[in-house]
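A.B. asks: what's the 3D shape of this:
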Amino acid sequence: MSCLRSHSAGRGVRVATLRRSVVATVVGGWLIILVGCAAGDTGCVNRELERQPSTDGAREAVLFVRECGATTAPALNVSVLDRGKVLPDEAGNVLVLNDPAAMAVTRGDVVAIWKTARELHLVYDQGRGVSRALTSYDGIALIHTTR
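C.D. replies: From the prediction side, this is the model:
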């Protein structure tokens, strides 16, 4: 009888230990995911193409391609940033052109032209898939022209 109790008690300890291990693994996995999300990991990559300084040199129009994985076509983006500021891991703050994958490579680039320190002209091909095109940003007039 004492052998049965000992064997049964040992099995209970092993099952309880296994349950704690599984719970710790699941909780730990969720914590890793949550910390990654809180840290701003979007799974996207911004590839900077060009910076055009404003006429007074205080700001820059940053042209870049944003790629967010195999299921999303690359998007051509423009952000207006203070001079020298690092491009954040987010979509463009003034212009986002989302094209089908084949068009993203064959269509022309965006041309950014500062007319004054407060007026930026953005020129791009007609027919591009525009998902964001602001007309002003932080006191800057944004003039969009298609070619």
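A.B. asks: now stretch 121-134: mean pLDDT?
C.D. replies: Averaging pLDDT along stretch 121-134 yields 91.
A.B. asks: what comes up buried for that stretch?
C.D. replies: Neighbour-count burial for stretch 121-134 flags 122, 124, 128, 133-134 (criterion: 16 or more other C-beta atoms under 10 Å). Placement of C-beta: from N, CA and C, glycine included.
A.B. asks: go through the residues you listed and name the one nearest residue 56.
C.D. replies: The closest of the buried residues of stretch 121-134 to residue 56 turns out to be residue 122 (C-beta to C-beta; 18.5 Å).
A.B. asks: ok, the closest one touching residue 94?
C.D. replies: Yes. Counting by C-beta atoms under 8 Å, residue 122 touches residue 94, with 7.5 Å between them.
A.B. asks: what touches both of these two?
C.D. replies: The contact sets of residue 122 and residue 94 overlap at 61, 78, 133, 142 (C-beta atoms under 8 Å, 6 or more residues apart in numbering).
A.B. asks: which of the buried residues of stretch 121-134 fall in helices?
C.D. replies: Within those, no residue falls in helices by DSSP state H.
A.B. asks: for the shared contacts of residue 122 and residue 94, work out which two are farthest apart.
C.D. replies: Greatest spatial distance in the shared contacts of residue 122 and residue 94: 61 and 133, 13.8 Å, computed using C-beta to C-beta.
A.B. asks: quick check: neighbours shared by those two?
C.D. replies: When contacts are counted by C-beta under 8 Å, 6+ apart, residue 61 and residue 133 are jointly contacted by 94, 122.
A.B. asks: re the thing from before, now the buried residues of stretch 121-134 in TSV, with distance to residue 73?
C.D. replies: Putting the buried residues of stretch 121-134 into TSV (distance: C-beta to C-beta, whole Å) gives the following:
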residue	distance to residue 73
122	20
124	16
128	12
133	18
134	21
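A.B. asks: from the residues you listed, pick the one nearest residue 89.
C.D. replies: Set against residue 89, the nearest of those by C-beta to C-beta is residue 134 (19.6 Å).
A.B. asks: can you tell me the closest non-neighbouring residue to the closest one?
C.D. replies: residue 94 (4.9 Å; C-beta to C-beta, 6 or more residues apart in numbering).
A.B. asks: report the residue spans of the protein with pLDDT below the cut-off.
C.D. replies: Filtered on pLDDT under 70, the chain yields the residue ranges 1-41, 100-108.
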